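Enquirer: What would the 3D arrangement of this be:
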Amino acid sequence: MAGYVEELRVQWRPVTAALIGTATGLSLVAYVVAIMGPHLIAEFGWNRADFALVGALGLSSVLVFPVVGRLTDTYGVRRTALVGVVATPLTCLAYTLVDDIRVYAAIFALQCISLVTTTAPVYCRVIVQYINHARGLALAIAACGPALAAAVAGPLLNNFVTDHGWRAGYVVLAVATAISGAVAILLLPSERARAAGESPPPAAERKPAAARKDFALIFRSRPFWILCVGVLLCTLPQAVLLNQLNLVLGENGVTGKDASMMISGYAVGTVLGRILSGLALDRFHAPLVATVVLALSGSGLLLIASSVDAPAFLLMAVLMVGLGYGAESDVIAYLIIRNFGLRIYSSVYGLVSATVAISATLGAIMLSVALNMTGAFAPFLTSVGGLVLLGSLLFLFLPGNPEDAGAVGGEALEGEDAMAAPERAIGDPAGGPATAGSGLRTA
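Expert: The predicted model follows:
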């Protein structure tokens, strides 16, 4: 345990950089839209339906995540993240010039594309590169960044906009994100993923042929498809968890202070889920941990959909959903490094993140259809709760944490594919970066 804590203490820079970087980029967009939207609609008289439709432009990130993941593996975290760090304050300032919803939509689309470079597939790469023994907890701490930023900065920004107007709010947001982004970039340690004295072949790695070969390798990997299908099923309820939870509780007769308490319980559960799952991943078999924590979310949804409406029962169910939902991000990040190694880590993570975005859209469509057909949330909760349980079970089919340096996703490679296999990195608690050529430590 002493060495476990010591590794986090020594390697605080990559964890802090990832926490700040992910907290002040794309993750803030949804919260800012929720705060600024009513003021923009009131001032310009925009149609609410048209304004809501702008949110569909966020789907553009589905196509961008794989590209950004590949850029991160090729050019490094600092260069890739710098794009979003520069774009965030500039797009915030651009909003101050808005007077037409089409201009607003164009800026929003630009944000959704450029700020993908501030997400977990980018920043988490430096964590898995530097930290080994406490990797699960480090990823969990970084995953708490967006929630903490929303909890602290959200009310402050909302109050400031109420007092000084939305244009001034965007200016303050531009300054704040410029400072936080610069801090994240400065905290990033140097990236040296290879053993000492080994010269990387950057020109060869950057050839389009190399990218095609790596993606073909990924798509041939059975663990990749297990991850994608499992993640697709487990993230279907996002539309309810993020936007409709208050309405779901109201359907169960929970209103007022009781509803506020349960929503707070959900928020607490997400943070606890991240930390507890991170600790568990560092100590137990990773696929089993993934199945257990993600099954909590599905079980909680089924409990909410049941006919039992006792407040204590519903609070327990909401807490379970929060625990499972909170664990998703660090579980995914951990399973990817264990099954695919460092060299193509962000490439795989980008593809899986695109799957998450697709799943959230499918979940929203399923919810809309269910509400139109039944007028109630319970059928939707029952359906997706069962699908989440099914998805969580799929992770049990992942291989153990592969130690073969010539394997991708636990499958042995030969010839040129073996040369292209991901490097297995082990963090150096003494402060140095990960070095290649060693086997991964099993969870």
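Enquirer: Which residue comes closest to Val161 once chain neighbours are left out?
Expert: For Val161, ignoring the flanking residues on the chain, the nearest one in space by Cβ to Cβ, 6 or more residues apart in numbering is Gly169 at 3.9 Å. Where you see a C-beta, it was placed from the backbone N, CA and C, and this is true even at glycine.
Enquirer: Just confirm the one you found contacts Leu157, I think it does.
Expert: Yes - the pair Gly169 and Leu157 passes the contact test of Cβ atoms under 8 Å, sitting 6.0 Å apart.
Enquirer: Between the two, which has more neighbouring residues?
Expert: More crowded of Gly169 and Leu157, by other Cβ atoms under 10 Å: Gly169, with 24 against 21.
Enquirer: could you give me the average pLDDT of the host helix or strand of that one?
Expert: Gly169 is part of helix 166-187 when elements are defined by DSSP states H and E. What helix 166-187 shows for mean pLDDT is 94.
Enquirer: Also stretch 354-373?
Expert: Averaging the model's pLDDT scores along stretch 354-373 yields 87.
Enquirer: What residues sit buried inside that stretch?
Expert: Along stretch 354-373, these residues count as buried under the neighbour rule (16 or more other Cβ atoms under 10 Å): 354-364, 366-367, 370.
Enquirer: For it, give me every contacting residue.
Expert: Residues external to stretch 354-373 that are found in contact with it (Cβ atoms under 8 Å, 6 or more residues apart in numbering): 58-59, 61-63, 65-66, 228, 231-240, 244, 376-377, 379-380, 383-384.
Enquirer: So which residues of the chain form strands?
Expert: Applying DSSP state E to the chain gives strands spanning 407-408, 411-412.
Enquirer: Could you identify which of those strands has the lowest mean pLDDT?
Expert: Per-stretch averages of pLDDT across these put strand 411-412 at the bottom, with a mean of 40.
Enquirer: Please parse this structure into its domains.
Expert: In the domain annotation for the chain, the residue ranges read 1-191, 208-443 (automatic domain parsing).
Enquirer: how far does the longest one sit from the chain's center?
Expert: Think domain 208-443. Centre-to-centre, domain 208-443 and its host chain are 9 Å apart (Cα atoms, centre = their mean, to the nearest Å).
Enquirer: Of all the helices and strands in this structure, which has the lowest average confidence?
Expert: Scoring the helices and strands of the chain by mean pLDDT, DSSP states H and E places helix 415-419 at the bottom, with a mean of 35.
Enquirer: residues touching Leu139, list them.
Expert: 124, 127-128, 278, 281, 329-330, 333-334.
Enquirer: any idea how far it is from Met261?
Expert: 29 Å (Cβ to Cβ, to the nearest Å).
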